[in-house]
Structures are given as structure tokens and as C-alpha cells.
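Asker: quick one, structure for this:
(2 chains)
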There are 2 protein chains.
Amino acid sequence: MEIQIAVAKINKYASSESGDTSEVVERPNGGLSVVLADGQTSGKGAKIISSMVVHKVINLLSEGVRDGAAARAASDYLFTERNGKVSATLNILSADLQTGTLVITRNNPAPVFIASGEKIQCLDAESSAIGTSRNIRPAISEFQIEPRVTVVFYTDGIVDAGSRYGSSLDVCTLLESLLEDQNPSAQNIADALLSEAIHLDQGRPDDDMSVVVLRITGQESDQIRRMTVLLPVAPIYPFLRDEKYTSDH
Amino acid sequence: MEIQIAVAKINKYASSESGDTSEVVERPNGGLSVVLADGQTSGKGAKIISSMVVHKVINLLSEGVRDGAAARAASDYLFTERNGKVSATLNILSADLQTGTLVITRNNPAPVFIASGEKIQCLDAESSAIGTSRNIRPAISEFQIEPRVTVVFYTDGIVDAGSRYGSSLDVCTLLESLLEDQNPSAQNIADALLSEAIHLDQGRPDDDMSVVVLRITGQESDQIRRMTVLLPVAPIYPFLRDEKYTSDH
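Answerer: Predicted structure coming up:
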């Protein structure tokens, strides 16, 4: 069995910085967690908020704090730091090898989809963003880790894709058709969803967009863990220094 | 231009836990850092140490602390926490988009290879592990971010691969032959190095092994950031709970 986690992200059109932050972290008792936050508004300010929230959560998770407690802590922290004036959406998805479960933690009005084989379930119970009041509670769901399970979630750039042109993304139908294909990878699914959302915004994303997909495959594994990160960069004009031992760094 | 980072890891044969920890984190002013630590010995104890070191470093980097200062802080922290009795090797590799440079920070006797086109340079100046004394300084090198640059580093499981059978891995020659192929991806290179090391240990890794590869390609990018994590799991016997809103998490 193998657990695949894929993230695909694009910035709002003509924006150099995404207000979305996503990081993956190892769980101290086995497994992985992926954390996604979207700070209110866009650009630098939103990035600072989403980064602050994600790092608070991954620090706590890496210390063994459970997911729901980490989400509550992040909410209280943001509320305290910004006097309740700034909100952020937060999703945590953990593959917890100690309990053998996927734990889905939602502080985001956007739904989470979970497919088991071809059956797709939409987790859309009311859930609010963090940071704007005390006592914000996450919506938590737990599912067995088993082959052919797929989990998908995203930020509001995907929810609102196409809205300016009177269309919207039907994630459930698209996911259904993707899963009918021969065993798509998590990255295939994330790429397809993001690509369709960008298409609905006519190639110019109206907001930062992030998609996270987790997929469990039953295939034989070589017991090697792998992580790949691909970062597009605009041409930059760097300088060169040779090897040295300075106190600069 | 695109920056690719790949990590490939395997546990010591018949060991359920790796003493190596590697995480990738976004830099607050643009770019990525990948951090790799190997805790002294193997198994749970080593994992706690390497995880502690990596999380200390990524916390500091995410706050904007420069790489060398983060390495020194991790060394002092480990020295204080474990009374100087436990060591860990530490590598940090950053693609810093603010300065347009790759920053390579080494507290590890194992060398770091950097290839620019087909020319391969070996960074093997003396460098000690962290945690065993005060005033441990990292070896820091800085290079321009430009297409066709490849950086490779690893833990001592790769250095010692085959030693029990009187052989060893010639990373430089293997890397040279890999780079002669048509534009291998960072993941291709990491997989090939790890696979050869496992082969030298006759399929039973004598220690935890981790390889990190960064590669810069000049190819046109679609401006989408991507991250994929693949985690092999042994069959486990989980339990199932439906969606609910409890105070369990």
C-alpha cells in the first residue's frame, strides 16, 4: 500500500505572491499531515497570515498534538495576534499510521470530497474560518486508511473559479470522471482540477488557487519514501559567490 | 526556469523507523529550503533527535532567520538539550529567490556535490556534526541560481553503502553518467543513487539512507507549483468512524 499526497498551486493572475500556504509534515508517531491555509485577501498580507497559521499547526503536529487541538490553537493564536480582525481558512489532512485512519479537519466553508472506489461523499457540514472569534471549532471526520480512497480539498480560488463568467467547477462530477480512468495518481487529479479551474477563469486566475489530493493505492511498494517539489521561477538576476566560510549566514 | 527538489529515503533493513528526517519548507521571502538531519544511532532515539533538529531549523527559516544562524541555533539547542552527548548531521539547501542564490549549509562529514552542466564540484571541506560542543560552525557555500545546476547530498547510509562487502558508491562518477542522459529529473537522480546504494548493501540497507537532489531546469514552466509525497505503508488494521464533531481531536 502507498499513500500519495499531491499539492498543485497557482498565484492569482499577475500576482507575485500567493496568499495560500501548504506544507507537508511527518507525524511523530508515523504518517504524514498536509496543512493548507488561505489568508484573508491576497498578496503579501495574506501570505503572512496563512504562513503563520500553517507553521503554528505543523509545529504542534510535529510535537504530537492532535489535529483538532492544533486547529483550535491556530485559531486562538490568530485571534489573539490580530485582535479577531483577520480570518483564514484552514484544512488539515492526516494519514495517521498509529490509528490507521485519515483524519480530516476543516475550518473552511469549502467542502472536502472523499471517494472510496467510485462512491464519492461530500463533507460540507457548516464550517467557519478561524481567527474571528473565540471558541471556533473545526469539523472533524475520520476514515479508515484503505486502498482506493481519495480525498480532495482546496481553497476558495477553486470554489469561485469561473464565477466572473457565470460558470463554476463541478468538482464532484470531474472527480468522478477522473476516477473512472485507469488509476490516476494524486498529482494527476490535482493537476486536472487546477487546470480546469484556471480554464474557467479564462487562463487568468481571479484568486490564488490550491488543490490538495490524497490517494491510497493498493499497489506493491518498494519501501522507498519519495518527495518532489517543483517551483517555477521567473528569470532573476543573481550574483555568484564561491565556497567560503563566513559569518554571513 | 523551474527548481526541482527530490528526496528519496529508505529505512535500515528490518527497521520500522528511520533515524533520518527531511522536510521542505517555503522561505518567507521567496524560494524553498530542504533540511536533512541524521540522528546518532538508528531507530526511535535517532528519529527523535533528527526530527527535533529539523523542526528547530525549519521554524527558524520560516521566521526569516538566515541558514547559517539556524544551523548554529540547532547545534546549540541539541547541545543544551542532550548535554553534548548526542550528535546529528545537518544539511540545509536553500533556493533563495531574494538573493538569486543556492545556499548550501553543511554540518556533515559527507560531501555535497554540485554540478553545473557536466562539470562536477565536490564540497568536502572538513565539517563536523552538530550537538557535541559549543561553537560548532557550518560550512557554507553559495552559488548562482541558473539552469542546469544540480546539487546532491545524503546521509551516511549512502557513504557506507557496500562497506560490509568491500565496495562503495562512487557518487561523482554515477552522477556524471546520469547527467549525460537526456535531462534527468531531480527524482530520477535521487532514485538512481539510492537504488545503487541499496544494491551495494545487497538489497538490505545497513543503515537509514536518504538522498536529496536539487535541480534547476531552463524549461518553460506553467507557473504551477507542485508537491508530491509518496509514503509506503505496511498493511495495517484500522478502524472506521463516520463524520462527527467530537472533542476527540
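Asker: tell me who's in contact with A:I216.
Answerer: Counting by C-beta atoms under 8 Å, 6 or more residues apart in numbering or on different chains, A:I216 touches A:M1, A:E2, A:I3, A:Q4, A:A95, A:I145, A:E146, A:P147, A:R148, A:V149, A:T150. (Each C-beta comes from the backbone N, C-alpha and C, glycine too.)
Asker: with adjacent residues omitted, what lies nearest to it?
Answerer: Once flanking residues are discounted, A:I216 sits nearest to A:V149: 4.7 Å by C-beta to C-beta, 6 or more residues apart in numbering or on different chains.
Asker: quick one, helices of chain A?
Answerer: Taking DSSP state H as the criterion, chain A contains helices spanning A:44-62, A:67-81, A:156-159, A:171-180, A:186-200.
Asker: from chain B, how far off is the most centrally placed residue in chain A?
Answerer: Most central in chain A under C-alpha atoms, centre = their mean is A:L36, positioned 3.5 Å from the mean C-alpha point. A:L36 sits 11 Å away from chain B, going by C-beta to the nearest C-beta, to the nearest Å.
Asker: ok, back up a step: ok, and the most crowded of the contacts of A:I216?
Answerer: Greatest neighbour count in those, by other C-beta atoms under 10 Å in any protein chain shown, goes to A:A95: 26 neighbours.
Asker: quick one: that residue and A:L214 touch, right?
Answerer: Yes: taking C-beta atoms under 8 Å as the definition, A:A95 is a contact partner of A:L214 at 6.8 Å.
Asker: turn the contacts of A:I216 into a markdown table, including pLDDT.
Answerer: Formatted as a markdown table, these follow (pLDDT from 0 to 100):
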| residue | pLDDT |
| --- | --- |
| A:M1 | 91 |
| A:E2 | 94 |
| A:I3 | 96 |
| A:Q4 | 97 |
| A:A95 | 97 |
| A:I145 | 94 |
| A:E146 | 92 |
| A:P147 | 92 |
| A:R148 | 93 |
| A:V149 | 96 |
| A:T150 | 97 |
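Asker: right, is stretch A:179-187 up against chain B?
Answerer: Yes: for stretch A:179-187 and chain B, the contact criterion (C-beta under 8 Å from any C-beta of the partner chain) is met by A:S185, A:A186, A:Q187.
Asker: of the residues you listed, closest to chain B?
Answerer: If you rank the residues of stretch A:179-187 next to chain B by distance to chain B using C-beta to the nearest C-beta, A:Q187 comes first, at 5.0 Å.
Asker: just give the nearest non-adjacent residue to the closest one, would you?
Answerer: Closest residue to A:Q187 apart from its sequence neighbours, by C-beta to C-beta, 6+ apart: A:A6 at 4.0 Å.
Asker: quick check: bridge partners of the one you found?
Answerer: For A:A6, the beta-bridge partners are A:V213, B:T228 (DSSP bridges).
Asker: residues in contact with the residue nearest to A:I216?
Answerer: A:L102, A:I114, A:A115, A:S116, A:F143, A:L214, A:R215, A:I216.
Asker: my read: A:I136 touches A:Y77, true?
Answerer: No: between A:I136 and A:Y77 there is no contact under C-beta under 8 Å: 11.5 Å.
Asker: more neighbours: which of those two?
Answerer: With neighbours defined as other C-beta under 10 Å, A:I136 and A:Y77 compare such that A:I136 has more, 21 against 17.
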